[in-house]
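# starting from these lines, generate the structure:
(one chain, ligands or ions: 1)
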Amino acid sequence: MLKLTRRGLSRAFLASSVLSAAGLMMPAVSSAQQGTDVTFHKDIEPILQRACQTCHRDGGVAPMSLVTYDEVVPFAGLIEYRTGLRDRAGAMPPWYAEKEVGIQHYKQDPSLSDEELAAISAWARGGVPKGDVADAPEPLNFDDAAGWSAGQPDLIVRTEDITVEGQAPDWWGNIPSIPTGLEEDRYVKSVEIREVNDLDLEAVGDTVGGRNIVHHMIWSTQVQDENGQATERPVSWPVHEIARNPDIFDEDAGRLLRAGSAIVSDSVHLHATGVDTTGHLEIGFRFHPKGYEPKYQPAIIGLGNGVDISIAGNEDNQELHAYAVLDQPTKIVTFEPHLHAPGERMCLEASWGYTVETLSCVGYDHNWVRGYAFEADHQPLLPKGTVLHIVGYMNNTDTNPNVPDSRNWQGSGNRSVTNMFIDLGMRVAMSEDEFFQEMADRRRNLNLGPNDHVIGCPLCLAPLVAPVELTEEDKEEMSDAKIDYLTIKDEEKEIMPHMAVAGSEGE
Ligand code: HEC
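Got it, this is the predicted structure:
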């Protein structure tokens, strides 16, 4: 309990909500309250299995295990508090997509529903009933694969061990290149990086940064000759940062890992943990089946501002804005806010003609770097000419525990004490025909009618809203993909209100 109180208090004082802080102190008293029919085995254990135990288990990255009843009970109040933060810094699980605005379909979304949050709260305040073990789900099997949240990799490459002395200053530099040992070209589905170090995780600090020595690694892979010189253009990969979730590439945009390539980095940032620590990274690649060929290439879009950020001291809710115009049809695969300590939230907006839509807003906690991959049928499909707009919300006050001294003005720069403002998300470029085809598929996969609305696809419904009849002459001049997009199929007609299809009914 002492542990709970110490940690709980420090977090609680930082919290802006006095109510939640009060909630934190409840369980001791609440066991006296009348019971609830929410029980550990029936209601709470399934939530912990789905959303928490990948990290909160023996050998996991989190400070305590949340597997057995006895392990969970002392943390009931703190669990209620941290899960109740929902999408703000400090929330558990560490996932900050806002549920009130934007697209709600993400890959590997561990977030809790309102019902689950209510169950946790009722359980924590209702005397933490254990319930009947017969109601418990099968316990999870934590083999080594459990440490890889995107699934067991097909290839794991291990970097060399590095030792960082307890009080060493920060260090940036290059590491020796590491051969992947891959003997044939393979396309990569996802990449996930984890740090393995010799820290006694029970003894170290509570922050993710305090539990890891490698704070970032900007890296690429390259095929090298015997002197270690690149023989062809390197392939770059998403930057590794502490507490980053896996990067899942678009199904149709697997990234090529060439046979005989090596991992190369000239920008590793090391940070001391307070005690001498030795560790390395494991880079886990999952492959597409042999013979896979990608359909799309990454779209190169710079969306951010790294030059003239200006954040005043002692001020909350300061906004930063950046824009980019799409010069070809584009599919947005992931949204990934990259801010530094004062960053509290970022929104991504798309404007096309009169359609101005928020695609996603997510909270930000500089302790936890998260990328948000949209589910396949919910990836924004944006026409050429769309303006992408990101808005960053900065909190440079004492209510933001990540800011060391809120009196300071903050500007741009690479160091952790300076600032960045970028959407590092992945996007793929499409031809006009691929774009038409994706929109037609989307419309049919989601069974959309003219009165539906789909966020992030301003032209998906255009042929339903204003149907056109194509003559044979029209069709001669069009690609198959465009004809398909403009043609309303019989199944689609069934979901159309009578009025909207009047023109094309008689065929
Ligand atoms: C991706 C890994 C991960 C997942 C998933 C995760 N946690 Fe955590 N959790 C951590 C880490 C690491 C910390 C310590 C750093 C921090 O507080 O940010 C932590 C801290 C906590 C704390 C505070 C502990 C203390 O002593 O201050 C609580 C409570 C907690 N988690 C509960 C949960 C619950 C409940 C879930 C699921 C609903 C969950 N966590 C999901 C990794 C995770």
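# next up, the contacts around Ile162.
Ile175, Ile213, Val214, Leu270, Thr278, Gly279, His280 (C-beta atoms under 8 Å, 6 or more residues apart in numbering). For the C-beta atoms, the positions are set from N, CA and C on the backbone; glycine is no exception.
# from these, which would you call buried?
Buried subset of the contacts of Ile162 (neighbour count, 16 or more other C-beta atoms under 10 Å): Ile175, Ile213, Val214, Leu270, Gly279, His280.
# and the protein, which of its residues are near the ligand?
Neighbours of the ligand within the chain, by C-beta under 6 Å from any ligand atom: 7, 11, 51-52, 54-56, 61-63, 66, 75, 78-79, 82-83, 92-94, 110, 206-208, 367.
# what's across from Pro337 in the sheet?
Note on Pro337: beta-bridge partners Asp423, judged by DSSP bridges.
# likewise the one 10 residues further on?
Applying DSSP bridges to Cys347 yields these beta-bridge partners: Cys361, Val391.
# use 30 as the first number from now on
Okay, using 30 as the starting number, the last item reads as Cys376.
# how near is it to the ligand?
23 Å (C-beta to the nearest ligand atom, to the nearest Å).
# now Ile338
25 Å.
# pull the number of nearby residues for that residue.
When counting by other C-beta atoms under 10 Å, one arrives at 22 neighbours for Ile338.
# contact partners for it?
With contact set as C-beta under 8 Å, 6+ apart, Ile338 has these partners: Leu349, Gln439, Gly440, Ser441, Asn448, Met449, Phe450.
# try 6 Å this time
Gly440, Ser441, Asn448, Phe450 (C-beta atoms under 6 Å, 6 or more residues apart in numbering).
# so the third one touches His367, yeah?
It refers to Asn448. No. Asn448 is beyond contact range of His367, at 10.2 Å (criterion: C-beta atoms under 6 Å).
# give me the below-cutoff pLDDT ranges for the stretch 80-229 of the chain.
The model of the stretch 80-229 of the chain has pLDDT under 70 over residues 173-175.
# residues contacting the residue nearest the centre of the chain?
By C-alpha atoms, centre = their mean, the chain has its centre lying nearest to Gly400, at 2.6 Å. Gly400 is in contact with Thr363, Glu365, counting by C-beta under 6 Å, 6+ apart.
# same thing with Ala282?
Shown in contact with Ala282 (C-beta under 6 Å, 6+ apart): Pro323, Tyr325, Val457.
# same deal with Val336?
Neighbours of Val336 in contact, by C-beta under 6 Å, 6+ apart: Ser441.
# any idea how far it lies from the ligand?
31 Å.
# and what of Met246?
To the ligand, Met246 is 19 Å away according to C-beta to the nearest ligand atom.
# now swap in Gln258 and tell me
In terms of C-beta to the nearest ligand atom, Gln258 sits 39 Å off from the ligand.
# since we're on that residue, how many residues are nearby?
Gln258: 8 neighbours (other C-beta under 10 Å).
# element containing the closest residue to the ligand within the stretch 430-536 of the chain, please.
Residue of the stretch 430-536 of the chain nearest the ligand, by C-beta to the nearest ligand atom: Pro430 (10.3 Å). Per DSSP states H and E: Pro430 is located in neither a helix nor a strand.
# can you check Met468 too?
Counting by DSSP H and E, the element that carries Met468 is helix 461-474.
# okay, now Ser249: neighbour count?
17.
# so how far is the ligand from it?
Counting by C-beta to the nearest ligand atom, the gap from Ser249 to the ligand is 26 Å.
# correct me if wrong: that residue contacts Ser265.
Yes. Assessed by C-beta under 6 Å, Ser249 is found in contact with Ser265 at 4.4 Å.
# hmm, back to that, could I get the contacts of Ala282 as JSON lines with pLDDT?
Below are the contacts of Ala282 laid out as JSON lines (pLDDT from 0 to 100):
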{"residue": "Pro323", "pLDDT": "96"}
{"residue": "Tyr325", "pLDDT": "95"}
{"residue": "Val457", "pLDDT": "97"}
